[in-house]
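In: could you look at this predicted model? Sequence included:
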Amino acid sequence: MAIVAASVLDADFSKWKEWLPKLEEAKVDRIQWDLMDNKYVPNKGIDAKWIPELRKKTKIFFETHHMVEKPEKYVTEFSEMGSQLFIFHVETTKEPQKLIEQIKENGMKVGIAVNNKTPIEKIFPYLNKVDIALVMTVEAGFGGQSFIEQNLEKVKVLRKKIDKEGLDCLIEVDGGVNTKTAPKCVEAGVDILVSGGGIFKHPKGIAEAVKELKSL
């Protein structure tokens with residue numbers, strides 16, 4: 001059974017009182033918050049003020065996905081906001097190992113991500129130190145993009161590496177994931193499916209989308 005994370009990048013926060021209870025009722029596993037600095041990616045992402053606001057309203061696991069330069073600057077702040085998993089892009093820091101230790105010291109789990117054009121091998125030295133390896137299946141920075149199926153080759157390589165070495169690291173994919181593309185992800189070896197529009201814009205509603213994804 002797949003783990004499902006609802007990305008709220010394009011969610012309407014004026015209507016959170018409608019969709020948050022629906023996510024809870026659907027038993028979604030996680031909520032992913034996409035943070036951007038308009039430098040690493042040309043977008044500003046979610047207003048971080050919503051994280052502590054909604055942290056008070058739900059017990060759903062919160063993971064924050066930082067598409068920012070120098071993510072080490074944000075670790076303490078987001079730990080205090082209620083993030084339980086801090087995901088950073090390997091391309092954005094000069095000292096990944098030091099950042100991993102910093103995140104753990106702040107009481108959070110650690111995720112390391114590779115963008116669309118980044119070789120998967122770049123995160124291999126850190127797989128035994130992190131909880132999640134995130135493979136982007138779009139170019140980081142914007143919601144609503146089309147799924148890049150060729151990036152599942154990265155997932156397959158990663159799955160083989162993790163299994164061969166017996167590592168305690170889950171594989172997550174983010175970008176263009178919906179009930180049509182998700183089966184291919186799971187088949188390739190993905191553990192966690194991040195879906196935004198695939199959940200919030202599903203023709204049968206949030207509950208049905210989450211149910212379908214979790215059943216994979």
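Out: Now that the structure is in, tell me what you want to look at.

In: what's downstream of the helix or strand containing K17, the next helix or strand?
Out: Here K17, judged by DSSP states H and E, is contained in helix 16-25. The first helix or strand that comes after helix 16-25 along the chain, using DSSP H and E, is strand 30-36.

In: all strands for the chain, in order.
Out: 3-7, 30-36, 61-67, 85-89, 109-114, 132-136, 170-174, 192-195 (DSSP state E).

In: and F142, how many residues sit next to it?
Out: F142 is flanked by 16 other residues according to other CB atoms under 10 Å. Backbone N, C-alpha and C define where each C-beta goes, glycine included.

In: then E139?
Out: So E139, with other CB under 10 Å, has 13 neighbours.

In: please name the nearest non-neighbouring residue to it.
Out: N116 (4.5 Å; CB to CB, 6 or more residues apart in numbering).

In: the one you found: what's it in contact with?
Out: N116 makes contact with M136, T137, V138, E139, A140, I148, N151 under the criterion CB atoms under 8 Å, 6 or more residues apart in numbering.

In: L54: which of these is nearest?
Out: Here the nearest of these to L54, counting by CB to CB, is A140; it sits at 22.9 Å.

In: quick one, phi/psi of the closest one?
Out: phi -60, psi 140 (degrees, to the nearest 10).

In: does it touch V90 like I think?
Out: No - taking CB atoms under 8 Å as the definition, A140 is not a contact partner of V90, at 11.9 Å.

In: stretch 12-27: how far from the chain's middle?
Out: Relative to its chain's centre, stretch 12-27 lies at 18 Å (CA atoms, centre = their mean, to the nearest Å).

In: and it, which residues are buried?
Out: W16, W19, L20, K22, L23, A26 (16 or more other CB atoms under 10 Å).

In: give me the pLDDT value at the nearest residue to the last one once chain neighbours are set aside.
Out: Right, A26. Distances taken as CB to CB, 6+ apart place V210 nearest to A26, at 3.8 Å, with adjacent residues excluded. We note a pLDDT of 97 for V210 in this prediction.

In: count of residues packed around V210?
Out: 24.

In: contact partners for it?
Out: Contacts of V210 (CB under 8 Å, 6+ apart): V4, A6, L23, A26, K27, V28, I199.

In: which one of the residues you listed is nearest D37?
Out: Nearest to D37 among the contacts of V210, with distances taken as CB to CB, is A6, at 22.7 Å.

In: surely that closest one meets Q32?
Out: Yes - with contact defined as CB under 8 Å, A6 counts as touching Q32 (6.9 Å).

In: who's more crowded, the two?
Out: A6 (28 against 25).

In: ok, the more buried one to T58 distance?
Out: Applying CB to CB, to the nearest Å, the value for A6 to T58 is 11 Å.

In: who are the packing partners of the longest helix that the chain contains?
Out: Counting by DSSP state H, the longest helix found in the chain is helix 152-165. With contacts taken as 3 or more CB pairs under 8 Å, 6 or more residues apart in numbering; DSSP states H and E, helix 152-165 sits against strand 132-136, strand 170-174, helix 182-188.
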